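K.L.:
Show me the folded form of this:
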Amino acid sequence: MEIPHEDQSSHYDHEKDKFAYLSMRDQIELGKRQVQQSQWGSKYALNEDMSMKAKLASMARRIEEFELRNVHNEAQP
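P.N.:
Presented below is the predicted three-dimensional model:
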């Protein structure tokens, strides 16, 4: 029994849409990744924006620890 031409084309469109969806999903996933292959030998390197955010977060943690130590030391006689 032959498949009618309409069903063949709808199957083809379904497959085409499936691959278009997978391609779009992969592009979105690549966009979400904030690491890129490093040219200096390390496996991954953060891009410039993420690197700056990481540095600021690290500084904020250090400042908070420093302030807590100072408050604790001042409270002791």
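
K.L.:
now this structure, which segments are flagged as low pLDDT?
P.N.:
Residue ranges of the chain with pLDDT under 70: 1-16, 27-47, 77.

K.L.:
now do 90
P.N.:
For the chain, applying pLDDT under 90 flags the ranges 1-55, 67-77.

K.L.:
all strands for it, in order.
P.N.:
Here the chain has its strands, by DSSP state E, at 35-37, 44-46.

K.L.:
For this structure, which segments count as helices?
P.N.:
According to DSSP state H, the chain carries its helices in the segments 5-32, 48-75.

K.L.:
May I see the buried residues of the last one?
P.N.:
Neighbour-count burial for helix 48-75 flags no residue at all (criterion: 16 or more other Cβ atoms under 10 Å). (Glycine included, C-beta is placed from N, CA and C.)

K.L.:
Tell me the spacing between residue 74 and residue 68.
P.N.:
As defined by Cβ to Cβ, to the nearest Å, residue 74 lies at a distance of 11 Å from residue 68.
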